[in-house]
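A.B. asks: Have a look; sequence and predicted model below, questions after that.
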Amino acid sequence: MSRIKIAIAGIGNCASSLIQGIYYYTPERVGNAKRVPGLMHWEVGGYRPCDIDVVAAFDVDKRKVGKDVNDAIFEKPNCTTVFHGDLPKSGTIVKMGNVLDGVSEHMADYDDDRTFLVKDAPSATKAEIIQELKDSGAEILTNYMPVGSEEAAKFYAECALEAGIAFINNMPVFIASNPEWAERFKARNLPLIGDDIKAQLGATITHRTLTDLFAKRGVVLERTYQLNTGGNTDFLNMKNQDRLESKKISKTEAVQSVAGTRLADDNIHIGPSDYIPWQNDNKLCFLRMEGDLFGGVPMNIELRLSVEDSPNSAGVAIDMIRCCKLALLNGEGGIIHGASAYFCKHPPQQFTDDRAYEMTEEFIASRVSALKVAE
């Protein structure tokens, strides 16, 4: 089987967890286990996590640019858990990306261990990045730009289109859920998954599951909030409220879409809440839901969820990458709807998580069968 060759835009905590996982999940470690802890799928179409190669990488932090990507993922300001730190050299050097709006204005002047140092860094041109994608042999570009990086996310989507490779949008800038972008990827017959990655077991999936449970059990959801705090660079970036619009839309719609009846705007509040430096990559979610039971009798539930933010997304990213590979092997372009709905908060079309799961499994099974028939 061929390898899966990916490029990564943004070598932050999420990229760190993803790359560590590629080396962590090997046949030697897994053995004959039928269910592998931490993964939704050990194999997708015969591809395992360790069959993924990072062949191109882009960032704008001077502490990462110019270094082997397997070293760069451990540079500050990255602060996620190191669960597999003994990595070999990959041979892939992190190249300078294009800054655009990828760094919030309030972060540009910081000079500590958590923030970008980009004042005098020359941005790469679109032509340079496209050439790097082509020269590297990358098949898929996965986007890890910070929240609010609208121009940067669209820039890398454009680079993927012009380089002729698939695009996975992990961030809450609307690419897959924008009909114009979706049509452009379809016209080029390039797979597209997005938008805004839904963590393995994070605030959004937990909130969605409980909201769906309320609806199925006949409990009228009257009001709810989800408050999140964290200490990684993403939360620091989100202190700029002007960058949060798409993030709040994405997270709020993920919950509204499974509610029995949509809540009034004043009765639902979902979004990042504050940056607490000592939390590092640990994310705390405080969730409250109020509803009416039989006879209009009130009830409420409060939940505190603590997760390491970046590993919580990495297993999902690995599945998106492998679904993209199956689409490429089958010559299939455009939106992968099942994967987008199951793995992302703001897909082009929302489905319940149960239905999105079924669609994803059907997609994997059907594309594997098609490849076997072709052989």
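C.D. replies: On my side now, so go ahead. Numbers count the residues shown, from 1 in each chain.
A.B. asks: Would you mind listing where the protein has pLDDT under the threshold?
C.D. replies: Applying pLDDT under 70 to the chain picks out residues 102, 104-121.
A.B. asks: quick one, helices of it?
C.D. replies: 13-24, 27-30, 69-72, 126-136, 150-163, 179-187, 203-216, 233-237, 245-256, 311-329, 337-343, 353-374 (DSSP state H).
A.B. asks: How far off centre is the last one?
C.D. replies: Think helix 353-374. Mean-position distance between helix 353-374 and its chain equals 21 Å (Cα atoms, centre = their mean, to the nearest Å).
A.B. asks: quick one: contacts of it?
C.D. replies: Helix 353-374 is contacted by residues 41, 44-46, 205, 208-209, 212, 258, 323, 326-327, 329-330, 332, 336-339, 341-343, 351 when judged by Cβ atoms under 8 Å, 6 or more residues apart in numbering. Backbone N, C-alpha and C define where each C-beta goes, glycine included.
A.B. asks: Filter the residues you listed down to just the buried residues.
C.D. replies: 41, 44-45, 205, 208, 212, 258, 323, 326-327, 329-330, 332, 336-339, 341-343, 351 (16 or more other Cβ atoms under 10 Å).
A.B. asks: For the residue lying closest to Glu290 once chain neighbours are set aside, which residues are in contact?
C.D. replies: The shortest distance from Glu290 to any non-neighbouring residue, by Cβ to Cβ, 6 or more residues apart in numbering, is to Asn300 (4.5 Å). Asn300 sits next to 288-291 when contact means Cβ under 8 Å, 6+ apart.
A.B. asks: any idea how far the residue of the chain most remote from its centre is from Leu210?
C.D. replies: Going by Cα atoms, centre = their mean, the residue of the chain most distant from its centre is Gly295, 41.7 Å out. To Leu210, Gly295 is 21 Å away according to Cβ to Cβ, to the nearest Å.
A.B. asks: Please apply the same query to Lys248.
C.D. replies: Per Cβ to Cβ, Lys248 is found 19 Å from Leu210.
A.B. asks: the more surrounded of the two?
C.D. replies: The neighbour count for Lys248 versus Leu210, taken as other Cβ atoms under 10 Å, is higher for Leu210 (19 against 16).
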